[in-house]
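Participant: Predicted model and sequence follow; I will ask about them next.
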Amino acid sequence: MLAVAIVERVVWAVAALVVLGGALGVIASENAVHAALSLVATLFGVALMFVLQEAYFLAAIQVIVYGGAIVILFLFVIMLLGVDRFEMLWGRERHAWRRPLAVLSAAVIATLACVGMLATTATPTGAPSVTGKVGGPGDDIMAIGRSLFTDHVWAFEITGVLLTVAVVGAVVLARKPQRAPIDLDEFPLPEPEPDVLDDLDDPGAESAEPGDAADPEPEEEAEEVTSA
Amino acid sequence: MLALDPLLTGDVGWWPEVAIVVIKVVLAFVALLVAVMAMIWFERKIHADMTNRIGPNLAGPFGIFQTLADGIKFFFKEDLMPRRADPLVFRLAPYLSLIPAFITFVVIPLGGRFDGDRQGVIKLPGFHKETLLQVADPHVGILLVLAMSSIAVYGVMLAGWSSGSKYPLLGGVRATAQMISYEAGLGLAVLAVLLRTGSLSTNAIVAHQSGWNWNLWMTLFVPFVVFLIAITAEMNRPPFDLVEAEQELIGGFHTEYSSIRFALFFLSEFMNVVTMSAIIVTLFFGGPDGPSFGPDWLRALLPTVWFLAKLIVFLFLFVSFRATLPRLRYDQLMDLGWKAMIPLALGWFLLLVTVRIAADNDWNPFATVAVIVAGFAAGGLMLRKAIRTSAARRAAEEVAI
C-alpha cells in the first residue's frame, strides 16, 4: 500500500498548492480576467481534493457546473461589459470599520474550518457528518441519487422549479418591448456649438488659416534636412 | 485509492502496478498523437478527393508525411503576438484547448473481450496481472467526458479575448454561446444511454452493449442523431464552424495566432475529432464489440480491429460533413440547438423512461405506444405553437415601431 499512499500524498500536495495559489490569484490579480482564471484553478484543485476523498461525482459536478458554466459566464460578462482593464485596487479606504470586521470574519471562518477538519468521525453529533462518507449500498453516485430522489425529493424538485422560474423571469425582464424612436419635434437635437459653426460657415477664416497652419511644416522639414 | 481497474485491487506497489499504469498512459498518449497525425493526412486527402483536388502528394508515399513536414515548418516560423494582447493568457490558451482533448481519451475502452462475463479484462503476459485496455475507468466516466467538453470552451474563449483584437473577440464570444447551448442537448442525448446502462462508467456502458445490444438501436436512433449533431457543434466543426467563419471573421478566435501556437489549435481540433468519434463508438456502437472467431490470439485482437474500423467510419463521416454541408447562419444554429435538439432529446428521454416502466409493470404495449404517440404529438404541437406565437409577437412589435 506504500505506493498508493505516496501517490495520494503527492496528489494532495499538488491540489493544495493549486487551491491556495488560485485563491491568492483571485484576490491579488489586478485584471478581472486573470482573477476569474485563478478562480478556475482553485475550483479544479477542490475537485482534485474531492477525488482524493473518493467523492467522484462531486468532483465531476464541480468541474462541470463551476468550472464549465459559472466561471464561463463570469468571463462572458467581463468580456462583454469591457471591465477587463486594470482597476485601481489600492485606493483610500472609505470605511475604517471594514478592516477589523474582515479580520473577525476570517477568524470565524478559520475556526469553523478547524472544527470541520477535527470532527473527522462520521457522526460527531449523532447525525451523519458533512465530512463523512455518503452511506448506503453502491458507489457514491448511487448513494447521492437515492438520497436526492427519496429523502430529499421535494427539496430537489422545488429547487428545480425555482431555477426554472428564475430563468423565465430573467428572460421576461431582459426582453423589454422596444420603445418607439424619439420624436424629433418633442426632443429636438441639441444646437451645434457656435464656434464649430464659425469654422464651417466663415470662408474668410478658412482661407486665412491654411497659410498659418501650413507655414511651420516646411520649416520643420528644412530643419530635419539640415540636421540630417 | 481508486478501485477502477483490476490491476489496482489488492496490494499495489511501484513494480509492476504503477509502472504498468505509467506505460499505459504513455502508450495511449503516443497512440493518440499518431492517430491525430494520420487523421490530418486522411482529412486533407479525402477532402481533396471530394473537391476534385489532389491534396498532399509530395512528402512520402501518398503525402503521408505531410503532417510531419507541416509540424516542422510551424516550429521554425516566427511567433507573433499583437501589442494589445494579454501575454499570459495568449500563451496559455492553446494548451487549454489541447489538454481536454487528451484527457477525454483516457476513458475510452480500446479493446478487450466483452463477451460472456469478461468485462474487457485482459491478462498481461509475463506479469500475472489483469487490466483493462483503457487508461482509467472512473465511476464517473461519461461525466468526465462532459466535464472536459465544457472545459474546452476556455481555450477558444480566452484565445479570442486575449488577442486584443476585434474579430478574435467576436469569434470567441460566438464559440462560447454555441458550445454552452449545445452542451445541454449533448447531456440529454447521453442520458438515454445512461438510462439503459445504469452506470456512468464507460467500461460498463460497453459491457452492457456486448452481443449486438448496441445502444444505437436500443435507444432507437434518435439520441445518436442528437449526439452526433451536438458533438459536431461542440467541436466547432463544419457545418457549425461559425467560430472561424472566414468570410466574416477572418480566422475567428485564432486570427492573431501564428507558428506553433496556431498549430496547437489545429492539433486540438483534430484530436477532438478522433476522441469524440471514439466516444460515439463507445456510447452507441458497442465500442470494441463485434463478431469473434478463430484462435485465442485472434479473439483477443479482433475487438481492437472492430473498434478501429468503427472509428474510421466516423472520421470519414466528419470529413464528409466538412466537404458537403454549407455553414449554418448564426440564428439557424441557435434555433437548431434550443428549439429542436433540446426538446427532442428531452422528449426522447421521457419516451425511453415510459417504455421501461411499461415493460417493468407489464402494461398493455399497444396502449403504451398510443399514449406515447399522443404525448409526442401534443408536445410537438405545443412547442410549434409557442415558437410561432413568439415569432408573431416579435413581428407585431417591429411593425408597431
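Facilitator: In hand now; what should we look at? Treat the numbers as computed from the prediction; the structure is a model and nothing was measured. Numbers count the residues shown, from 1 in each chain, chains lettered A, B, ... in the order given.

Participant: tell me, which helix in chain A spans the most residues?
Facilitator: Longest helix in chain A by number of residues (criterion: DSSP state H): helix A:2-28.

Participant: Give me the buried positions along that helix.
Facilitator: Neighbour-count burial for helix A:2-28 flags A:3-4, A:7, A:15, A:18-19, A:22, A:25-26 (criterion: 16 or more other C-beta atoms under 10 Å in any protein chain shown). Placement of C-beta: from N, CA and C, glycine included.

Participant: Stretch B:61-69 too?
Facilitator: Buried residues in stretch B:61-69, counted by 16+ other C-beta under 10 Å: B:63-67.

Participant: And the longest helix of chain A, what does it pack against?
Facilitator: If contacts are counted by 3 or more C-beta pairs under 8 Å, 6 or more residues apart in numbering or on different chains; DSSP states H and E, helix A:2-28 sits against helix A:32-52.

Participant: in the helix it packs on, what counts as buried?
Facilitator: Buried residues in helix A:32-52 (16+ other C-beta under 10 Å): A:32-51.

Participant: you'd agree residue B:212 is in a helix?
Facilitator: No - assessed with DSSP: H, G, I helix; E, B strand; the rest coil, residue B:212 is coil; it does not lie in a helix.

Participant: residues contacting it?
Facilitator: Each residue near residue B:212 by C-beta atoms under 8 Å, 6 or more residues apart in numbering or on different chains is listed here: B:286, B:289.

Participant: Where does chain A get nearest to chain B, which residue?
Facilitator: In chain A, the residue that lies nearest chain B is residue A:68 (2.7 Å; C-beta to the nearest C-beta).

Participant: How about that residue: what's its closest non-neighbour residue?
Facilitator: In this structure, residue A:68 finds its nearest non-sequential neighbour in residue B:150, 2.7 Å apart by C-beta to C-beta, 6 or more residues apart in numbering or on different chains.

Participant: what angle separates the strand or helix carrying that neighbour from helix A:32-52?
Facilitator: In this structure, residue B:150 is located in helix B:141-162 according to DSSP states H and E. Between helix B:141-162 and helix A:32-52, the angle comes out at 170 degrees (axes from the mean of the first three to the mean of the last three C-alpha atoms, to 10 degrees).

Participant: Can you report how many residues neighbour the closest residue to residue B:170 other than its chain neighbours?
Facilitator: Take residue B:170 and drop its neighbours on the chain: the residue closest to it by C-beta to C-beta, 6+ apart is residue B:249, 5.7 Å away. By the criterion of other C-beta atoms under 10 Å in any protein chain shown, residue B:249 has 21 neighbours.

Participant: Distance-wise, check residue B:249 relative to residue B:324.
Facilitator: Separation of residue B:249 from residue B:324 (C-beta to C-beta, to the nearest Å): 22 Å.

Participant: quick one: residue B:238 is in a helix?
Facilitator: No - according to three-state DSSP, residue B:238 belongs to no helix; its state is coil.

Participant: Quick check: which element contains the closest residue to it other than its chain neighbours?
Facilitator: The shortest distance from residue B:238 to any non-neighbouring residue, by C-beta to C-beta, 6+ apart, is to residue B:322 (4.3 Å). Assigned by DSSP H and E, residue B:322 belongs to helix B:296-324.

Participant: Give me the domain ranges for the chain.
Facilitator: You didn't pick a chain, so chain A it is. If you go by automatic domain parsing, the domain ranges for chain A are A:1-86, A:136-175.

Participant: actually chain B
Facilitator: Split into domains by automatic domain parsing, chain B comes to B:78-328, B:329-391.

Participant: Could you tell me the least trusted of those domains?
Facilitator: Mean pLDDT is lowest for domain B:78-328 out of the domains of chain B, coming in at a mean of 85.

Participant: That domain spans what distance, first to last residue?
Facilitator: For domain B:78-328, the first-to-last residue distance is 34 Å (C-alpha to C-alpha, to the nearest Å).

Participant: And the helices in chain A, which stretches?
Facilitator: In chain A, the helices defined using DSSP H lie at A:2-28, A:32-52, A:56-61, A:71-81, A:98-118, A:140-149, A:153-174, A:194-201, A:203-214, A:216-227.

Participant: could I get the ones you listed as TSV with mean pLDDT?
Facilitator: Below are the helices of chain A laid out as TSV (pLDDT from 0 to 100):
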stretch	mean pLDDT
helix A:2-28	89
helix A:32-52	90
helix A:56-61	88
helix A:71-81	82
helix A:98-118	87
helix A:140-149	84
helix A:153-174	92
helix A:194-201	53
helix A:203-214	45
helix A:216-227	45
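
Participant: Can you tell me which residues in chain A are near chain B?
Facilitator: Chain A has residues A:1-4, A:7-8, A:31, A:33-34, A:37, A:40, A:52, A:54, A:56-57, A:59-61, A:63-64, A:67-69, A:72, A:75-76, A:79-80, A:84, A:139-141, A:177-178, A:180-181 near chain B, with proximity defined as C-beta under 8 Å from any C-beta of the partner chain.

Participant: ChimeraX command to pick out the buried ones of those residues?
Facilitator: To isolate the buried ones among the residues of chain A next to chain B in ChimeraX, judged by 16+ other C-beta under 10 Å, type:
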select /A:3,4,7,31,33,34,37,40,54,56,57,59,60,61,63,64,67,68,72,75,76,79,84,139,140,141
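
Participant: So for chain B, the centremost residue is which one?
Facilitator: What sits nearest the mean C-alpha location of chain B, by C-alpha atoms, centre = their mean, is residue B:276, with 2.4 Å.

Participant: Let me see the contact set for the residue lying closest to residue A:74 once chain neighbours are set aside.
Facilitator: Excluding its sequence neighbours, the residue lying closest to residue A:74 (C-beta to C-beta, 6+ apart) is residue A:36, at 5.0 Å. Counting by C-beta under 8 Å, 6+ apart, residue A:36 touches A:71, A:74-75, A:78.

Participant: Try it again at 10 Å.
Facilitator: A:25-26, A:29, A:71-72, A:74-75, A:77-79, A:84, B:158 (C-beta atoms under 10 Å, 6 or more residues apart in numbering or on different chains).

Participant: Let's have the residues you listed in TSV, adding distance to residue A:158.
Facilitator: TSV is the format used below for these (distance: C-beta to C-beta, whole Å):
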residue	distance to residue A:158
A:25	37
A:26	32
A:29	38
A:71	27
A:72	27
A:74	27
A:75	31
A:77	28
A:78	32
A:79	34
A:84	37
B:158	37
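
Participant: from those, which single one is nearest residue B:177?
Facilitator: Taking C-beta to C-beta as the measure, residue A:72 is the one of the contacts of residue A:36 closest to residue B:177, at 10.2 Å.

Participant: Please name the nearest non-neighbouring residue to the closest one.
Facilitator: Closest to residue A:72 by C-beta to C-beta, 6+ apart is residue B:153, at 5.7 Å.

Participant: Double-check the one you found against residue B:181; I have them as touching.
Facilitator: No - the pair residue B:153 / residue B:181 is not scored as a contact, 11.1 Å apart, by C-beta atoms under 10 Å.

Participant: quick one: which of the two has more around it?
Facilitator: The neighbour comparison of residue B:153 against residue B:181 (other C-beta under 10 Å) goes to residue B:153, with 27 against 20.

Participant: picking that back up, so which of the buried residues of stretch B:61-69 are in helices?
Facilitator: Among the buried residues of stretch B:61-69, the ones falling in helices (DSSP H) are B:66-67.

Participant: Pick the one among the buried residues of stretch B:61-69 closest to residue B:238.
Facilitator: Nearest to residue B:238 among the buried residues of stretch B:61-69, counting by C-beta to C-beta, is residue B:67 at 19.8 Å.

Participant: Tell me how far that closest one lies from residue B:314.
Facilitator: Per C-beta to C-beta, residue B:67 is found 20 Å from residue B:314.
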